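> okay, sequence plus prediction incoming.
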Amino acid sequence: LFPLLSLFSFPHSSSLAMGDDESQYLNWLTYHQCRAGFENSYYFISLVSRVEALFKRAPDPSRPVPPSGVCEVIESLLREEEELGQPSKMLGFFLAESLGFALKEDIGPSDAYERLHQWLPSVLNGSKNPLSDQFHKLTSQSKCFILDIIYKTIDATPPAFDLIGKDSNGNSFHAVGGRLYIEQEINKKLSSQKPPSQYSSQKNWKLMADSEIKWRRIANLMQSFGQEEISEKINTKYDEIRHEQKYEATNWDATHLWLHVNYCRKTIAPFKVSPRKCKNDSICNDENCVFNHYEQYHPMTTKFENDHLEYARMRENQVDLEFKKL
(Lines give C-alpha, C1' and ligand atoms only; values in the text may rest on other atoms or scores of the structure.)
Protein backbone atom coordinates (compact mmCIF):
# COMPACT_ATOMS: atom_id res chain seq x y z
CA LEU A 1 0.00 0.00 0.00
CA PHE A 2 2.82 2.44 0.88
CA PRO A 3 4.41 2.45 -2.62
CA LEU A 4 0.99 3.19 -4.11
CA LEU A 5 0.40 6.11 -1.76
CA SER A 6 3.92 7.46 -2.28
CA LEU A 7 3.30 7.64 -6.03
CA PHE A 8 0.74 10.41 -5.52
CA SER A 9 0.81 13.59 -3.49
CA PHE A 10 -2.38 14.49 -1.64
CA PRO A 11 -2.27 17.91 0.01
CA HIS A 12 -4.64 18.17 2.97
CA SER A 13 -5.16 14.39 3.03
CA SER A 14 -7.32 14.66 6.14
CA SER A 15 -9.87 16.81 4.31
CA LEU A 16 -9.77 14.41 1.35
CA ALA A 17 -10.75 11.54 3.58
CA MET A 18 -13.84 13.44 4.66
CA GLY A 19 -15.06 14.28 1.14
CA ASP A 20 -17.02 12.17 -1.28
CA ASP A 21 -15.51 10.24 -4.20
CA GLU A 22 -16.14 13.07 -6.65
CA SER A 23 -14.34 15.76 -4.64
CA GLN A 24 -11.49 13.37 -3.83
CA TYR A 25 -11.14 12.51 -7.49
CA LEU A 26 -11.04 16.17 -8.59
CA ASN A 27 -8.50 16.96 -5.87
CA TRP A 28 -6.33 14.10 -7.03
CA LEU A 29 -6.49 15.28 -10.66
CA THR A 30 -5.48 18.77 -9.55
CA TYR A 31 -2.46 17.76 -7.50
CA HIS A 32 -1.21 14.54 -9.06
CA GLN A 33 1.79 14.89 -11.34
CA CYS A 34 3.84 12.05 -12.75
CA ARG A 35 6.83 14.41 -12.81
CA ALA A 36 7.47 18.10 -13.31
CA GLY A 37 9.08 19.52 -16.43
CA PHE A 38 8.57 20.30 -20.10
CA GLU A 39 6.96 16.88 -20.63
CA ASN A 40 3.75 18.52 -19.37
CA SER A 41 3.93 21.18 -22.08
CA TYR A 42 1.28 21.13 -24.79
CA TYR A 43 3.97 21.93 -27.35
CA PHE A 44 6.03 18.88 -26.36
CA ILE A 45 2.95 16.69 -26.77
CA SER A 46 2.06 18.36 -30.07
CA LEU A 47 5.62 17.99 -31.39
CA VAL A 48 5.74 14.28 -30.55
CA SER A 49 2.33 13.73 -32.19
CA ARG A 50 3.36 15.58 -35.36
CA VAL A 51 6.63 13.64 -35.71
CA GLU A 52 4.84 10.33 -35.12
CA ALA A 53 2.22 11.23 -37.75
CA LEU A 54 4.99 12.07 -40.23
CA PHE A 55 6.72 8.74 -39.61
CA LYS A 56 3.43 6.89 -40.15
CA ARG A 57 2.96 8.78 -43.40
CA ALA A 58 6.36 7.60 -44.65
CA PRO A 59 7.32 4.51 -42.63
CA ASP A 60 10.93 3.39 -43.00
CA PRO A 61 10.87 -0.43 -43.24
CA SER A 62 14.52 -0.66 -42.18
CA ARG A 63 13.93 1.28 -38.95
CA PRO A 64 10.51 0.49 -37.37
CA VAL A 65 9.56 2.93 -34.61
CA PRO A 66 8.55 1.54 -31.19
CA PRO A 67 5.47 3.14 -29.54
CA SER A 68 7.52 5.23 -27.10
CA GLY A 69 10.53 5.79 -29.38
CA VAL A 70 9.90 9.34 -30.64
CA CYS A 71 8.75 10.63 -27.25
CA GLU A 72 11.68 9.19 -25.29
CA VAL A 73 14.36 10.25 -27.78
CA ILE A 74 13.15 13.85 -28.14
CA GLU A 75 12.88 14.12 -24.36
CA SER A 76 16.41 12.73 -23.87
CA LEU A 77 17.88 15.17 -26.42
CA LEU A 78 16.22 18.16 -24.76
CA ARG A 79 17.27 17.00 -21.30
CA GLU A 80 20.85 16.43 -22.44
CA GLU A 81 21.15 19.97 -23.76
CA GLU A 82 19.37 21.33 -20.66
CA GLU A 83 21.76 19.59 -18.28
CA LEU A 84 24.99 20.20 -20.21
CA GLY A 85 24.23 23.82 -21.05
CA GLN A 86 25.89 23.40 -24.43
CA PRO A 87 24.71 22.28 -27.88
CA SER A 88 23.76 18.64 -28.32
CA LYS A 89 25.22 17.26 -31.53
CA MET A 90 22.27 15.00 -32.32
CA LEU A 91 19.69 17.66 -31.44
CA GLY A 92 21.55 19.93 -33.87
CA PHE A 93 21.23 17.28 -36.61
CA PHE A 94 17.53 16.85 -35.82
CA LEU A 95 16.91 20.62 -35.89
CA ALA A 96 18.83 21.14 -39.15
CA GLU A 97 17.17 18.23 -40.96
CA SER A 98 13.71 19.26 -39.75
CA LEU A 99 14.22 22.91 -40.73
CA GLY A 100 15.60 21.93 -44.13
CA PHE A 101 12.56 19.70 -44.64
CA ALA A 102 10.19 22.55 -43.72
CA LEU A 103 11.90 25.17 -45.90
CA LYS A 104 12.89 22.78 -48.72
CA GLU A 105 16.49 23.90 -48.38
CA ASP A 106 19.80 22.17 -47.77
CA ILE A 107 20.62 23.24 -44.19
CA GLY A 108 23.47 21.86 -42.10
CA PRO A 109 23.82 21.92 -38.29
CA SER A 110 26.24 24.86 -38.48
CA ASP A 111 23.75 26.92 -40.54
CA ALA A 112 20.55 25.96 -38.72
CA TYR A 113 20.51 28.65 -36.00
CA GLU A 114 21.15 31.56 -38.38
CA ARG A 115 18.56 30.32 -40.88
CA LEU A 116 16.05 29.71 -38.09
CA HIS A 117 16.61 33.22 -36.74
CA GLN A 118 15.88 34.66 -40.19
CA TRP A 119 12.80 32.54 -40.86
CA LEU A 120 11.02 32.36 -37.51
CA PRO A 121 9.69 35.97 -37.37
CA SER A 122 7.83 35.38 -40.64
CA VAL A 123 5.64 32.70 -39.03
CA LEU A 124 5.14 34.25 -35.58
CA ASN A 125 2.54 36.81 -36.73
CA GLY A 126 4.17 39.70 -34.90
CA SER A 127 4.84 37.77 -31.69
CA LYS A 128 8.16 38.11 -29.92
CA ASN A 129 10.93 36.00 -31.41
CA PRO A 130 12.04 33.52 -28.70
CA LEU A 131 15.49 33.34 -30.31
CA SER A 132 16.95 36.16 -28.25
CA ASP A 133 19.55 33.61 -27.17
CA GLN A 134 21.18 30.83 -29.15
CA PHE A 135 18.99 27.76 -29.54
CA HIS A 136 20.83 25.63 -26.95
CA LYS A 137 20.39 28.38 -24.31
CA LEU A 138 16.60 28.47 -24.62
CA THR A 139 14.31 26.69 -22.18
CA SER A 140 13.15 23.24 -23.24
CA GLN A 141 9.57 24.58 -23.48
CA SER A 142 10.73 27.23 -25.97
CA LYS A 143 12.60 24.61 -28.01
CA CYS A 144 9.45 22.48 -28.13
CA PHE A 145 7.48 25.52 -29.30
CA ILE A 146 9.96 26.24 -32.11
CA LEU A 147 10.23 22.61 -33.24
CA ASP A 148 6.43 22.34 -33.20
CA ILE A 149 6.23 25.35 -35.55
CA ILE A 150 8.76 23.69 -37.87
CA TYR A 151 6.71 20.48 -38.04
CA LYS A 152 3.51 22.46 -38.44
CA THR A 153 5.16 24.02 -41.52
CA ILE A 154 6.02 20.55 -42.85
CA ASP A 155 2.40 19.42 -42.38
CA ALA A 156 -0.29 21.87 -41.24
CA THR A 157 -2.66 19.06 -40.25
CA PRO A 158 -3.56 19.49 -36.54
CA PRO A 159 -1.89 16.93 -34.26
CA ALA A 160 -4.04 13.83 -33.87
CA PHE A 161 -3.91 12.91 -30.20
CA ASP A 162 -4.93 9.31 -29.53
CA LEU A 163 -8.05 9.80 -27.42
CA ILE A 164 -8.63 6.94 -24.98
CA GLY A 165 -11.83 8.34 -23.53
CA LYS A 166 -13.30 10.82 -21.05
CA ASP A 167 -14.14 10.59 -17.38
CA SER A 168 -17.46 11.63 -15.84
CA ASN A 169 -16.25 15.25 -15.59
CA GLY A 170 -15.34 15.59 -19.27
CA ASN A 171 -11.57 15.34 -18.79
CA SER A 172 -9.93 13.72 -21.82
CA PHE A 173 -7.28 10.99 -21.52
CA HIS A 174 -4.84 10.49 -24.39
CA ALA A 175 -2.05 8.10 -25.31
CA VAL A 176 0.92 10.03 -26.72
CA GLY A 177 4.27 8.38 -27.33
CA GLY A 178 3.37 5.40 -25.17
CA ARG A 179 2.48 7.70 -22.28
CA LEU A 180 -0.78 8.63 -20.59
CA TYR A 181 -1.78 12.30 -20.69
CA ILE A 182 -4.84 14.16 -19.44
CA GLU A 183 -6.40 17.29 -20.90
CA GLN A 184 -8.32 18.77 -18.01
CA GLU A 185 -11.73 20.26 -18.78
CA ILE A 186 -11.64 22.47 -15.68
CA ASN A 187 -8.64 24.40 -17.02
CA LYS A 188 -9.68 24.80 -20.65
CA LYS A 189 -11.28 28.22 -20.10
CA LEU A 190 -8.14 29.57 -18.44
CA SER A 191 -5.95 28.14 -21.18
CA SER A 192 -8.12 29.54 -23.98
CA GLN A 193 -7.70 33.03 -22.55
CA LYS A 194 -3.93 32.91 -23.07
CA PRO A 195 -2.67 34.72 -26.17
CA PRO A 196 -1.57 32.27 -28.88
CA SER A 197 1.87 33.88 -28.93
CA GLN A 198 2.76 32.34 -25.58
CA TYR A 199 5.09 29.39 -25.98
CA SER A 200 5.34 28.36 -22.34
CA SER A 201 3.78 25.15 -21.06
CA GLN A 202 0.01 25.12 -21.31
CA LYS A 203 -1.24 23.92 -17.94
CA ASN A 204 -4.38 22.12 -19.04
CA TRP A 205 -2.29 19.17 -20.28
CA LYS A 206 -0.48 16.94 -17.81
CA LEU A 207 1.59 13.76 -17.89
CA MET A 208 -0.10 11.06 -15.80
CA ALA A 209 1.94 7.91 -16.47
CA ASP A 210 5.13 6.99 -18.33
CA SER A 211 5.57 3.30 -17.47
CA GLU A 212 3.43 0.19 -17.27
CA ILE A 213 3.30 0.17 -13.47
CA LYS A 214 2.10 3.79 -13.44
CA TRP A 215 -0.52 3.16 -16.16
CA ARG A 216 -1.91 0.26 -14.11
CA ARG A 217 -1.86 2.20 -10.84
CA ILE A 218 -3.65 5.15 -12.42
CA ALA A 219 -6.34 2.81 -13.79
CA ASN A 220 -6.77 1.07 -10.41
CA LEU A 221 -6.96 4.33 -8.49
CA MET A 222 -9.52 5.77 -10.91
CA GLN A 223 -11.64 2.68 -10.48
CA SER A 224 -11.56 3.24 -6.72
CA PHE A 225 -12.91 6.76 -7.36
CA GLY A 226 -15.88 5.32 -9.26
CA GLN A 227 -14.48 6.01 -12.74
CA GLU A 228 -14.85 2.41 -13.90
CA GLU A 229 -15.45 3.08 -17.61
CA ILE A 230 -12.34 5.20 -18.27
CA SER A 231 -10.32 2.93 -15.95
CA GLU A 232 -11.13 -0.06 -18.15
CA LYS A 233 -10.29 1.90 -21.33
CA ILE A 234 -6.90 2.92 -19.91
CA ASN A 235 -6.04 -0.70 -19.12
CA THR A 236 -7.18 -1.81 -22.59
CA LYS A 237 -5.13 0.90 -24.28
CA TYR A 238 -1.97 -0.07 -22.46
CA ASP A 239 -2.54 -3.70 -23.45
CA GLU A 240 -2.47 -2.52 -27.09
CA ILE A 241 0.74 -0.51 -26.52
CA ARG A 242 2.45 -3.46 -24.84
CA HIS A 243 1.42 -5.71 -27.73
CA GLU A 244 2.97 -3.28 -30.26
CA GLN A 245 6.20 -3.08 -28.26
CA LYS A 246 6.72 -6.81 -28.66
CA TYR A 247 6.97 -6.49 -32.43
CA GLU A 248 8.91 -3.24 -32.79
CA ALA A 249 12.59 -2.45 -32.33
CA THR A 250 13.56 -1.45 -28.81
CA ASN A 251 17.07 -0.11 -29.54
CA TRP A 252 15.74 3.03 -31.19
CA ASP A 253 17.87 6.12 -30.50
CA ALA A 254 18.66 9.69 -31.63
CA THR A 255 20.44 8.44 -34.76
CA HIS A 256 17.29 6.60 -35.84
CA LEU A 257 15.20 9.73 -35.21
CA TRP A 258 17.42 11.88 -37.44
CA LEU A 259 17.66 9.21 -40.15
CA HIS A 260 13.89 8.73 -40.25
CA VAL A 261 13.35 12.49 -40.69
CA ASN A 262 15.91 12.36 -43.52
CA TYR A 263 14.06 9.37 -45.02
CA CYS A 264 10.70 11.21 -44.84
CA ARG A 265 12.24 14.26 -46.45
CA LYS A 266 13.57 12.27 -49.41
CA THR A 267 10.35 10.26 -49.71
CA ILE A 268 7.80 13.07 -49.34
CA ALA A 269 9.67 16.13 -50.64
CA PRO A 270 12.75 15.08 -52.67
CA PHE A 271 15.00 17.62 -54.35
CA LYS A 272 13.75 18.56 -57.80
CA VAL A 273 15.24 20.66 -60.57
CA SER A 274 12.37 22.78 -61.87
CA PRO A 275 12.76 24.51 -65.26
CA ARG A 276 12.26 28.26 -64.92
CA LYS A 277 11.64 31.06 -67.35
CA CYS A 278 13.57 34.31 -67.01
CA LYS A 279 11.40 37.09 -65.53
CA ASN A 280 12.43 39.38 -68.40
CA ASP A 281 11.92 36.72 -71.05
CA SER A 282 10.24 38.39 -74.01
CA ILE A 283 11.38 35.75 -76.50
CA CYS A 284 8.51 33.36 -75.83
CA ASN A 285 4.90 34.30 -75.09
CA ASP A 286 3.53 30.75 -75.16
CA GLU A 287 2.08 29.98 -71.70
CA ASN A 288 2.25 26.24 -72.43
CA CYS A 289 5.90 26.31 -73.46
CA VAL A 290 8.02 23.80 -71.50
CA PHE A 291 11.40 24.88 -72.89
CA ASN A 292 13.83 26.05 -70.18
CA HIS A 293 14.56 29.60 -71.38
CA TYR A 294 16.19 30.41 -68.04
CA GLU A 295 18.81 27.72 -68.62
CA GLN A 296 19.30 28.89 -72.21
CA TYR A 297 20.02 32.53 -71.33
CA HIS A 298 21.60 32.07 -67.87
CA PRO A 299 23.90 29.04 -68.27
CA MET A 300 26.32 29.97 -65.45
CA THR A 301 23.56 30.42 -62.83
CA THR A 302 21.86 27.20 -63.88
CA LYS A 303 25.14 25.27 -63.75
CA PHE A 304 25.77 26.51 -60.20
CA GLU A 305 22.27 25.45 -59.08
CA ASN A 306 22.56 22.01 -60.69
CA ASP A 307 25.99 21.45 -59.13
CA HIS A 308 24.63 22.49 -55.74
CA LEU A 309 21.71 20.06 -55.97
CA GLU A 310 24.02 17.28 -57.13
CA TYR A 311 26.28 17.91 -54.13
CA ALA A 312 23.26 17.88 -51.79
CA ARG A 313 22.13 14.50 -53.15
CA MET A 314 25.65 13.09 -52.88
CA ARG A 315 25.93 14.28 -49.27
CA GLU A 316 22.63 12.64 -48.33
CA ASN A 317 23.75 9.33 -49.83
CA GLN A 318 27.10 9.50 -48.02
CA VAL A 319 25.41 10.19 -44.68
CA ASP A 320 23.07 7.25 -45.23
CA LEU A 321 26.01 4.94 -45.87
CA GLU A 322 27.90 6.19 -42.81
CA PHE A 323 24.99 5.64 -40.45
CA LYS A 324 24.22 2.21 -41.90
CA LYS A 325 27.72 1.15 -40.83
CA LEU A 326 26.94 2.03 -37.19
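That came through, no problem.

> now what about stretch 34-52, what contacts it?
33, 65, 70-71, 74-75, 78, 139-141, 144-145, 147-148, 151-152, 154-155, 159-161, 174, 176-177, 181, 199-210, 214, 257, 261 (C-beta atoms under 8 Å, 6 or more residues apart in numbering). To be clear about C-beta, it is placed using only N, CA and C from the backbone, and glycine gets the same treatment.

> which residue ranges of the chain form helices?
For the chain, applying DSSP state H gives helices covering 2-7, 13-18, 21-31, 42-57, 69-84, 89-103, 109-119, 140-154, 188-192, 212-224, 228-247, 254-268, 293-297, 299-324.

> lowest mean pLDDT across those helices, which one is that?
Among the helices of the chain, helix 13-18 has the lowest mean pLDDT, at a mean of 39.

> follow-up on the earlier one: from the contacts of stretch 34-52, list just the buried residues.
Buried members of the contacts of stretch 34-52, scored by 16 or more other C-beta atoms under 10 Å, are 65, 70-71, 74-75, 78, 139-141, 144-145, 147-148, 151-152, 154-155, 159, 161, 174, 176-177, 181, 199, 201-202, 204-210, 214, 257, 261.

> I'd say Ile182 and Lys206 touch.
Yes - counting by C-beta atoms under 8 Å, Ile182 does reach Lys206; the two are 5.3 Å apart.

> thinking again about what came up before, how about the helices of the chain, which one is nearest Lys166?
In terms of C-beta to C-beta, the element of the helices of the chain nearest to Lys166 is helix 228-247, at 6.7 Å.

> quick one: buried residues of that closest one?
Ile230, Ser231, Lys233, Ile234, Asn235, Lys237, Tyr238, Ile241, Gln245.

> okay, angle between it and helix 69-84 too, please.
90 degrees (axes from the mean of the first three to the mean of the last three C-alpha atoms, to 10 degrees).

> which strands or helices does helix 228-247 pack on?
Helix 228-247 is packed against strand 162-166, strand 172-176, helix 212-224, with contacts defined by 3 or more C-beta pairs under 8 Å, 6 or more residues apart in numbering; DSSP states H and E.

> just say which of these is most tucked in.
Highest mean neighbour count among the helices and strands packed on helix 228-247 (mean count of other C-beta atoms under 10 Å): strand 172-176, with a mean of 21.

> neighbouring strands - and their directions - for that one?
strand 162-166 (antiparallel), strand 179-183 (antiparallel) (DSSP bridges).

> and that strand, average pLDDT?
Averaging pLDDT along strand 172-176 gives 94.

> pull the residues that contact that strand.
Contacts with strand 172-176, where a contact means C-beta under 8 Å, 6+ apart, come from 45, 48-49, 71, 161-167, 180-183, 185, 208, 230, 233-234, 237, 241.

> what does stretch 56-74 give?
Contacts for stretch 56-74 (C-beta under 8 Å, 6+ apart): 44, 47-48, 51-52, 55, 155, 176-179, 241, 244-245, 248-250, 252-254, 256-257, 259-260, 263-264, 267-268.

> look up how far Glu240 lies from Arg216.
14 Å (C-beta to C-beta, to the nearest Å).

> I meant to write Glu82 there.
Taking C-beta to C-beta, one finds Glu82 at 32 Å from Glu240.

> list the contacts for Ile230?
Ile164, Gly165, Lys166, Asp167, Phe173, Met222.
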